[in-house]
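Visitor: Starting from these lines, generate the structure:
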Amino acid sequence: MSEQRFRFLLRCLRFDNINDRNMRKELDKMAAIREVFELFTNNFEKYFSPSEYLTIDEQLLAFRGRAAFRQYIPNKLSKYGIKTFALVDAKTAYTMKLETYVGLQPPGPYQQSNNAKDIVMRIVEPVQGTNRNITGDNWFTSIPLVNELLTEKKLTYVGTLRKNKR
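Guide: Below you'll find the predicted structure:
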């Protein structure tokens, strides 16, 4: 395929119906790609059986286009991008589950809490009750979260708690 043909196809590529996008954006900031993103993430879970060791972390996917949920994080290598939270198999580096951070959603079916405990509980849902070891950094670690995961979900959660530097 020639570069000119590729660029033409790229310009014509659309993931949703532009006619009702504005109505859907009133309820969801990710309306333009929600359907394709959910198909992707559902297939991650459907076609892979993870090992016993998983890790949860955030990443900034470099992106300078227009998106209501684009983030600016000055201490990252690529300062602009889309922030995602990922549950990844530690042995194969396969992504098990993704969640995009879109900030505060408008009231409706896509509104959810953005605190670390709630994000972890949503992301580990596919593997709850399977006695897997999940590792996370200090942002994803709190005593109430670890207690809830250990007692109710039958998961081993290893996080790092850092002391404040003085």
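Visitor: ok but Arg7 is inside a helix, no?
Guide: Yes: if the criterion is DSSP: H, G, I helix; E, B strand; the rest coil, then Arg7 is within a helix.
Visitor: What is the burial count for it?
Guide: Neighbourhood size, Arg7 [other CB atoms under 10 Å]: 10. Any C-beta I mention is one placed from the backbone N, CA and C, and that applies to glycine too.
Visitor: and the gap between it and Met1?
Guide: Separation of Arg7 from Met1 (CB to CB, to the nearest Å): 10 Å.
Visitor: How about Phe48?
Guide: 30 Å.
Visitor: who's more crowded, the two?
Guide: Comparing Phe48 with Met1 by other CB under 10 Å, the one with more neighbours is Phe48, at 12 against 7.
Visitor: so the more buried one sits right up against Met96, yeah?
Guide: Yes: if you go by CB atoms under 8 Å, Phe48 and Met96 touch, sitting 6.8 Å apart.
Visitor: overlap in contacts of the two?
Guide: Counting by CB atoms under 8 Å, 6 or more residues apart in numbering, the common neighbours of Phe48 and Met96 are Asp89.
Visitor: give me phi/psi at Thr135?
Guide: Per-residue torsions, Thr135: phi -110, psi 140 (degrees, to the nearest 10).
Visitor: Count the residues that sit near it.
Guide: By the other CB under 10 Å criterion, the neighbourhood of Thr135 contains 18 residues.
Visitor: what's the spacing between it and Arg5?
Guide: Per CB to CB, Thr135 is found 45 Å from Arg5.
Visitor: Can you name the residues that contact Ala116?
Guide: Trp139, Phe140, Thr141, Ser142, Leu145.
Visitor: Any regions of this structure where pLDDT drops low?
Guide: 152-166 (pLDDT under 70).
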